[in-house]
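A.B. asks: Dropping a prediction and its sequence here:
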Amino acid sequence: MVASLSNTTEHFSQMGEQVEAEVQALLPTLEGTDPAGETYLQKVGRLQAARATAEETVLAEYQPPSDSPEPDEPEDWDEMSHDEQETWIRANVPAGEQQQEKLTDLDARRTNRMIGLGAGNDPTDREN
């Protein structure tokens, strides 16, 4: 823990330098080359996106492990209906922020499926 460090300033300064070095090493791969016809603003956006991705990737390695492991979805998850998936989440993911995130993701996937099918083409509304 932090309390056990003899010099926290030095420790976190070195860690920050190490993280920055790893981000810098990853950047060229993520930035890629300048595509033909790329505008200045497109290049700025591409480089900023590459930096954000590099930072997210490197910082994820420094995150402490979660106290509550996320339960694995069942093997037949993709065959389950939206309601069955929601019921499974409520029964198997501890209530709180983690459960809410999973429910929000589930609703977003449902919305994306609906958009992909067309607003008026909900497959559950079809008559056979």
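C.D. replies: Everything's here; your move.

A.B. asks: For Val23, give its distance to Glu56.
C.D. replies: Remark: distance between Val23 and Glu56 (C-beta to C-beta, to the nearest Å) = 10 Å. Glycine gets a C-beta too; all of them are placed from N, C-alpha and C.

A.B. asks: Kindly state the pLDDT recorded for the residue positioned nearest the centre of the chain?
C.D. replies: Taking C-alpha atoms, centre = their mean as the criterion, Glu56 is the residue nearest the geometric centre of the chain, at 9.2 Å. Per-residue confidence at Glu56 stands at 90 (pLDDT).

A.B. asks: Pull out the buried positions in the lowest-mean-pLDDT helix or strand in the chain.
C.D. replies: Between all helices and strands in the chain, the lowest mean by mean pLDDT, DSSP states H and E belongs to helix 97-117, at a mean of 79. Within helix 97-117, the residues that count as buried by 16 or more other C-beta atoms under 10 Å are Lys102.

A.B. asks: Now do it: which elements does it pack against?
C.D. replies: Under the contact criterion of 3 or more C-beta pairs under 8 Å, 6 or more residues apart in numbering; DSSP states H and E, helix 97-117 touches helix 82-92.

A.B. asks: and the helix it packs on, what does it pack onto?
C.D. replies: In terms of contacts (3+ C-beta pairs under 8 Å, 6+ apart), helix 82-92 is packed against helix 97-117.

A.B. asks: tilt between the helix it packs on and helix 82-92?
C.D. replies: An angle of 170 degrees separates the directions of helix 97-117 and helix 82-92 when computed by axes from the mean of the first three to the mean of the last three C-alpha atoms, to 10 degrees.
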